[in-house]
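J.: 3D, please:
(one chain, ligands or ions: 3)
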Amino acid sequence: MHIHLLGTGAGGGFPQWNCNCKNCMGLRKGTIKSSARTQSSITVSGNGVDWVLFNASPDIRAQLEAFPPLQPARKVRDTGICAIILCDAQIDHSTGLIILREHDQPWDVYCTAAVHEDLTSGYPLFNILGHFRGVNWHEVKTDQKPFTIPKADNLVFTAVPLSSEAPPYSPHRHNTVPGDNVGFKVEDTSTGKNLFYAPGLGEVEPQVLDYMANADVILVDGTVWTNDEMSREGISDKLASEMGHLDQSSEKGMLSLIKPLEKPRKILIHINNTNPILDEDSPERKELDAAGIEVSYDGMDIII
Ligand code: MLT
Ligand code: MN
Ligand code: ZN
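T.: Residues are numbered from 1 along each chain as shown. Ligands and ions are numbered 1, 2, ... in the order given. Next up is the predicted model:
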């Protein structure tokens, strides 16, 4: 399986258009060692020709231009993307669907009933797309039964419900239902290897930790280093936990959970622009380096 990281930033990307935080300002001025990141999306392929897109970010146009396998190559209008899977209904994970409205047939979109509800009510993207070629919705169940996608040769997908938050415009904001947020195990049946992908999670429940422990690669929520990072920067009084993201550095944070895992290659993704790990010279980044935990970057390729 070829995994290509299209966008490794969180909502807003890095640098964020209106942000003058230490990192955003440092990147613009060239005073920190780091690189720009577009908003959260990856793509996977088991045959090198047909690609499943995970999450459609507002930056998708630039992301497609940066990755030739997804570009038109077979007829006058086409794409290497054979289907789209959504982990949640957040703006950074779904707004790219609008950019993809010129597709020559309905998009095959795989998401849960909860995400479908959000995207036909509070944020009615699917309704809007109905005025173009439309959406061919495939319901992703939260029962952890594996499923396959036509053309996505050799790949088997399992949705794993995650404890997180529904988006602000969701009918179930603060009253989350299973399926508001899911991670995915993606197994390649030809190599027997598997990826666990969860760009946003508020808690690592025991069954989620099992998926991580048994994966060959994990790409997991790297949004913030500390829960109060946004208020420390004077940006917002919202805690990361209120947005459904688990911090990395606290006693029960992401690092304490994944450090002991022996099998997987560990990579953080969906990194918010305030996170000190974006600065390659920061003590926080050195701590990750020492623990063998990687920080993803746009364009990163992983083959398993
Ligand atoms: C999140 O991950 O919490 C959201 O994407 C934030 C946002 O984009 O507004
Ligand atoms: Mn996000
Ligand atoms: Zn910033």
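
J.: Point to the helix or strand of this structure where mean pLDDT is at its lowest.
T.: Within the chain, no helix or strand scores below helix 229-232, which has a mean of 92 by mean pLDDT, DSSP states H and E.

J.: how about residue 65, phi and psi?
T.: Main-chain dihedrals, residue 65, degrees, to the nearest 10: phi -60, psi -30.

J.: where do the strands sit along this protein?
T.: Per DSSP state E, the chain carries strands over the ranges 2-7, 41-45, 51-54, 81-85, 107-111, 135-139, 155-161, 182-188, 194-198, 217-221, 265-269, 293-295, 301-303.

J.: For the stretch 1-150 of the chain, which residues are neighbours of ligand 3?
T.: With CB under 5 Å from the ion as the criterion, the stretch 1-150 of the chain comes near ligand 3 at residues 16, 19, 21, 24. All C-beta atoms are positioned from the backbone trio N, CA, C, and that covers glycine.

J.: again, only this time at 6 Å
T.: 16, 19, 21, 23, 24 (CB under 6 Å from the ion).

J.: Looking at those residues, which two lie furthest apart in space?
T.: Distance extremes for those: the farthest pair is 16 and 23 at 9.3 Å, using CB to CB.

J.: quick one: which of the two has more around it?
T.: More crowded of residue 16 and residue 23, by other CB atoms under 10 Å: residue 23, with 25 against 19.

J.: tell me the contacts of that one?
T.: Listed by CB atoms under 8 Å, 6 or more residues apart in numbering, the contact set of residue 23 reads 14, 15, 32, 34, 273, 274, 275, 276, 278, 279.

J.: Just flag the most distant two among these.
T.: 15 and 276 (14.7 Å).

J.: want to try a markdown table for the strands of the chain, with mean pLDDT as columns?
T.: A markdown table is the format used below for the strands of the chain (pLDDT from 0 to 100):
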| stretch | mean pLDDT |
| --- | --- |
| strand 2-7 | 99 |
| strand 41-45 | 99 |
| strand 51-54 | 99 |
| strand 81-85 | 99 |
| strand 107-111 | 99 |
| strand 135-139 | 99 |
| strand 155-161 | 99 |
| strand 182-188 | 99 |
| strand 194-198 | 99 |
| strand 217-221 | 99 |
| strand 265-269 | 99 |
| strand 293-295 | 99 |
| strand 301-303 | 99 |
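
J.: Mind putting those into JSON lines with distance to ligand 1?
T.: Below are the strands of the chain laid out as JSON lines (distance: least, CB to the nearest ligand atom, whole Å):
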{"stretch": "strand 2-7", "distance to ligand 1": "12"}
{"stretch": "strand 41-45", "distance to ligand 1": "12"}
{"stretch": "strand 51-54", "distance to ligand 1": "14"}
{"stretch": "strand 81-85", "distance to ligand 1": "16"}
{"stretch": "strand 107-111", "distance to ligand 1": "15"}
{"stretch": "strand 135-139", "distance to ligand 1": "21"}
{"stretch": "strand 155-161", "distance to ligand 1": "17"}
{"stretch": "strand 182-188", "distance to ligand 1": "13"}
{"stretch": "strand 194-198", "distance to ligand 1": "12"}
{"stretch": "strand 217-221", "distance to ligand 1": "9"}
{"stretch": "strand 265-269", "distance to ligand 1": "11"}
{"stretch": "strand 293-295", "distance to ligand 1": "17"}
{"stretch": "strand 301-303", "distance to ligand 1": "22"}
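
J.: so which of these comes closest to ligand 2?
T.: strand 217-221 (9.2 Å; CB to the ion).

J.: just to revisit the earlier point, give the residues shared as contacts by residue 16 and residue 23.
T.: residue 273.

J.: still on that earlier bit, neighbour-wise, which one of the contacts of residue 23 leads?
T.: Neighbour max across those (other CB under 10 Å) = residue 278, 31 neighbours.

J.: so who does it touch?
T.: 14, 23, 27, 32, 34, 37, 271, 285, 295.

J.: I figured the first one hits residue 274, correct?
T.: No: counting by CB atoms under 8 Å, residue 14 stays clear of residue 274, with 9.3 Å between them.
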